[in-house]
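K.L.:
Structure for this input, please:
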Amino acid sequence: MAEQYPRGQAGPAAPPPEPEHRVSVVTLGGVVFAACVLGLVGAYHVIAGLSAILSDNYYETQNNYSYDFDVNTRGWVEMLTGVVVLAAALSLFSGRTWARVVGIVIAGLSAMEHFFFTPYHPVWSALIILLDVLVIWSLATYGHREAHKAYGAPM
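P.N.:
Numbers count the residues shown, from 1 in each chain. A predicted model of the protein is given here:
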């Protein structure tokens, strides 16, 4: 004789249903924030690098600074970094894990680059480092389940 269970309840052999995982607005907003901030930081890198390439007087030379590079070289490094940061910002909207990892790595490299450029633009470098740290935090707290719910990314 088959046992009958009340509607909505499974029998003893069936596994309990998984609770539905809800995407936090703060978590999803954090990724949008991270992509937008990475886009702004990347655009800044491109513009500052292009300015350094076009004008040798953009950066003043610092006396007794260990990391004082040629202005033209520094401009190319900053401009290429900006292009990579912009590409990472655009890839974040795919919802893939690799895009978040690339975003974290790129934000860390951007913060390190601005640490070396602190004598040239101290306030702006501190602001960019702070924004990069916020991007790293936002991307690190965004999990795989959230990406699946928000973007339909494969599990």
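K.L.:
what's the lengthiest helix in the chain packed up against?
P.N.:
Secondary structure of the chain read by DSSP state H shows that its longest helix is helix 25-54. The elements that helix 25-54 packs onto, with contact taken as 3 or more CB pairs under 8 Å, 6 or more residues apart in numbering; DSSP states H and E, are helix 71-91, helix 97-116, helix 122-140, helix 144-151. No exception for glycine: its C-beta is placed from N, CA and C like everyone else's.
K.L.:
Turn those into a markdown table, columns for mean pLDDT, mean neighbour count and distance to Gly49.
P.N.:
Below are the helices and strands packed on helix 25-54 laid out as a markdown table (pLDDT from 0 to 100; neighbours: other CB atoms under 10 Å; distance: least, CB to CB, whole Å):
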| stretch | mean pLDDT | mean neighbour count | distance to Gly49 |
| --- | --- | --- | --- |
| helix 71-91 | 85 | 18 | 3 |
| helix 97-116 | 85 | 18 | 11 |
| helix 122-140 | 88 | 18 | 13 |
| helix 144-151 | 57 | 16 | 32 |
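K.L.:
what about Asp70, neighbour count?
P.N.:
Using other CB atoms under 10 Å as the criterion, Asp70 is surrounded by 12 other residues.
K.L.:
per-residue confidence for it?
P.N.:
Per-residue confidence at Asp70 stands at 72 (pLDDT).
K.L.:
so who does it touch?
P.N.:
Applying CB atoms under 8 Å, 6 or more residues apart in numbering to Asp70 gives no contacts.
K.L.:
Dump the helices and strands packed on helix 25-54 into CSV; add distance to Val31 as well.
P.N.:
Formatted as CSV, the helices and strands packed on helix 25-54 follow (distance: least, CB to CB, whole Å):
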stretch, distance to Val31
helix 71-91, 11
helix 97-116, 8
helix 122-140, 6
helix 144-151, 8
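K.L.:
and Ser51, which of those is closest to it?
P.N.:
Proximity of the helices and strands packed on helix 25-54 to Ser51 was assessed by CB to CB; the nearest stretch is helix 71-91, lying at 7.3 Å.
K.L.:
packing partners for the closest one?
P.N.:
helix 25-54, helix 97-116.
K.L.:
quick check: angle from it to helix 97-116?
P.N.:
Here helix 71-91 runs at 150 degrees with respect to helix 97-116, directions being taken by axes from the mean of the first three to the mean of the last three CA atoms, to 10 degrees.
K.L.:
For helix 71-91, C-alpha coordinates in PDB please.
P.N.:
The C-alpha trace of helix 71-91 is given here as PDB (Å, rounded to 0.1, in the frame of the first residue of the first chain):
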ATOM      1  CA  VAL A  71      58.600  59.900 -19.100                       C
ATOM      2  CA  ASN A  72      58.000  58.300 -22.500                       C
ATOM      3  CA  THR A  73      58.400  54.800 -21.100                       C
ATOM      4  CA  ARG A  74      56.100  55.500 -18.100                       C
ATOM      5  CA  GLY A  75      53.500  56.900 -20.500                       C
ATOM      6  CA  TRP A  76      53.500  53.700 -22.600                       C
ATOM      7  CA  VAL A  77      53.300  51.500 -19.500                       C
ATOM      8  CA  GLU A  78      50.400  53.500 -18.200                       C
ATOM      9  CA  MET A  79      48.500  53.600 -21.500                       C
ATOM     10  CA  LEU A  80      48.900  49.900 -22.100                       C
ATOM     11  CA  THR A  81      47.800  49.200 -18.500                       C
ATOM     12  CA  GLY A  82      44.700  51.400 -19.200                       C
ATOM     13  CA  VAL A  83      43.700  49.300 -22.200                       C
ATOM     14  CA  VAL A  84      44.000  46.100 -20.200                       C
ATOM     15  CA  VAL A  85      42.000  47.600 -17.400                       C
ATOM     16  CA  LEU A  86      39.300  48.700 -19.800                       C
ATOM     17  CA  ALA A  87      39.100  45.200 -21.300                       C
ATOM     18  CA  ALA A  88      38.800  43.700 -17.900                       C
ATOM     19  CA  ALA A  89      36.000  46.100 -17.000                       C
ATOM     20  CA  LEU A  90      34.000  45.100 -20.200                       C
ATOM     21  CA  SER A  91      34.600  41.300 -19.500                       C
END
